[in-house]
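J.: sequence and predicted structure below; questions after.
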Amino acid sequence: MKIFLTLFTLMLITGCNGHPAAGQWLSATGNHYSKIVISFDGQAQVYKGSAKLPTYHCFWAAFNENSINLDCGAKNETQQNFTFEVTDTYAKLNDNKKLLATFSNVEI
């Protein structure tokens with residue numbers, strides 16, 4: 001019985017990895033969207049320009065192993081939906097398949 005509990009505990013500990021989108025991302029193109037912070041807990045913040053506070057507060061869900069859907073809201077704007085796709089070297093922020101910005105991951 002102890003062996004079973006030990007194996008079960010190890011499976012629980014090793015079974016959950018973070019999504020590759022989680023982390024802090026800075027704009028690689030210097031455009032309208034400047035930073036995205038994606039937390040492991042399913043929340044994210046999207047920053048525009050040089051704003052110190054996030055423009056959008058979001059909830060995210062994994063779309064596939066390299067992409068997430070962002071469901072965002074802002075105080076003075078209507079709800080916004082984005083997709084965020086991670087590649088080997090950068091990430092892309094899209095709105096209805098239109099590329100809005102590319103980002104580089106920043107080690108925190």
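T.: Perfect, thanks for sending it. Residues are numbered from 1 along each chain as shown.

J.: buried residues in the biggest strand by length in the chain?
T.: Ordering each strand of the chain by length in residues (DSSP state E) puts strand 98-106 first. Neighbour counts over strand 98-106 (16 or more other Cβ atoms under 10 Å) mark L100, A101, T102, F103, N105 as buried. Placement of C-beta: from N, CA and C, glycine included.

J.: for the nearest residue to G18 once chain neighbours are set aside, which three-state class applies?
T.: Leaving aside its sequence neighbours, G18 sits nearest to F40 (Cβ to Cβ, 6 or more residues apart in numbering; 5.2 Å). Counting by DSSP: H, G, I helix; E, B strand; the rest coil, the backbone at F40 sits in coil.

J.: verify the stated contact: F40 with P20.
T.: No: F40 sits out of contact with P20 when judged by Cβ atoms under 8 Å, with a separation of 11.3 Å.

J.: the two: who's more crowded?
T.: Shown here are F40 and P20; by other Cβ atoms under 10 Å, P20 has more neighbours (18 against 12).

J.: understood, closing this out.
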